[in-house]
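Novice: Build me a structure from this.
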Amino acid sequence: MRVLGPVPFERVLTTFVRDNPYVPDEAYNTNDDAEENLCHAQLSLGRWYHVLLDRSDVLGIVLPWHMGEYGEFELIPPAGATVDEAVARLCELGSDYLTGNPACAAKLDHHAEGAPSPLYLSTRAIPGADYERLAVREGLVHLDGLHRVLAWVRAGRLDGDALVEAYVAMDAVMDVPGEGDGESTATAAAAGEPSLVRAGAGGAGPERRDRSAPAGPARG
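Specialist: Residues are numbered from 1 along each chain as shown. Next comes the predicted model:
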């Protein structure tokens, strides 16, 4: 993980809302829940950093409970799973997941080629029902971006030197060489760094959930 610099929570939240608008009448839109996760992370940890993640960083991200948009198959158990484990689970289920969990599968297909946006993570589990039974509670823990990151890995978009942009909530003060403020990844690109997952085409829309569905975990 390369730390670009500290960022105020206001910028993190503004970026998230811009990229992930909550539209109440859109089916399977969980962006309000994800925004709540960010607020919990702010209250629990208090500091945010703009970072770049390589493939090994991304594969180790801990994902919380996810029922696959209330489909037939539970994608992530309450104890959690890494991105690597979740991708293996999707490969194991194959076409059955498309049939049994059509809403979740549609999100994965959408993000496989859509324009990327940052992931949102914390360095430990935050309060909330999705996180209370996590077996691994420290490291890089998902706040928002589950479907995005799984789609990118499955589509091969993290192969080679690709980097992923993320905002990470921490309670530690990081020693950042040069004290860059992480305004954008353009600085890294200009310095000869590998390109982000920004090679994809198309536009990424808001993640969606049927608001008539029962309460439970359904993060984007």
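Novice: Would you mind measuring from the most centrally placed residue in the chain to H66?
Specialist: Computing the C-alpha centroid of the chain and ranking residues by C-alpha atoms, centre = their mean puts G145 first, at 2.2 Å. Taking C-beta to C-beta, to the nearest Å as the measure, G145 falls 12 Å from H66. C-beta: built from backbone N, CA, C; applies to glycine.
Novice: Distance from stretch 61-68 to the middle of the chain?
Specialist: On the basis of C-alpha atoms, centre = their mean, to the nearest Å, stretch 61-68 sits 10 Å off its chain's mean C-alpha point.
Novice: can you give me the end-to-end distance of it?
Specialist: Start and end residues of stretch 61-68 are separated by 18 Å (C-alpha to C-alpha, to the nearest Å).
Novice: So that it lines up with my notes, have the first residue be 18 from now on.
Specialist: Happy to do that; since the first residue is 18 now, the last one works out to stretch 78-85.
Novice: same question for it, mean pLDDT?
Specialist: Average pLDDT, stretch 78-85: 89.
Novice: Next: stretch 186-196.
Specialist: Per-region confidence: stretch 186-196 scores 73 on mean pLDDT.
Novice: Ok, stretch 150-169 next?
Specialist: Mean pLDDT, stretch 150-169: 95.
Novice: shaky segments in the chain?
Specialist: By pLDDT under 70, the weakly predicted segments of the chain are 39-48, 87, 192-237.
Novice: in it, which spans are strands?
Specialist: All strands of the chain, identified by DSSP state E, fall at 19-24, 64-70, 79-80, 98-99, 136-141, 155-161, 181-187.
Novice: Which one, of these, ends up nearest to T31?
Specialist: Taking C-beta to C-beta, strand 19-24 is the member of the strands of the chain nearest to T31, at 10.2 Å.
Novice: and the closest one, which strands flank it?
Specialist: strand 64-70 (antiparallel) (DSSP bridges).
Novice: Next, report how far the strand it pairs with is displaced from the centre of its chain.
Specialist: When distances are taken as C-alpha atoms, centre = their mean, strand 64-70 is centred 13 Å away from the chain's centroid.
Novice: Restricting to C-alpha, output it in CSV.
Specialist: C-alpha atoms of strand 64-70 as CSV (Å, rounded to 0.1, in the frame of the first residue of the first chain):
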residue,chain,number,x,y,z
ARG,A,64,-8.0,9.9,10.4
TRP,A,65,-8.2,9.3,6.6
TYR,A,66,-5.5,8.7,4.0
HIS,A,67,-5.6,8.6,0.3
VAL,A,68,-3.7,5.5,-0.9
LEU,A,69,-2.9,3.3,-3.9
LEU,A,70,-3.3,-0.5,-3.5
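Novice: From the structure, what's the count of residues near the closest residue in space to the residue nearest to the centre of the chain that isn't next to it in sequence?
Specialist: Excluding its sequence neighbours, the residue lying closest to G162 (C-beta to C-beta, 6 or more residues apart in numbering) is L136, at 3.9 Å. A count of nearby residues for L136, using other C-beta atoms under 10 Å, gives 24.
Novice: And for M84?
Specialist: Per other C-beta under 10 Å, the neighbour tally for M84 reads 21.
Novice: Would you agree it is in contact with E91?
Specialist: Yes: between M84 and E91 there is a contact under C-beta atoms under 8 Å: 5.4 Å.
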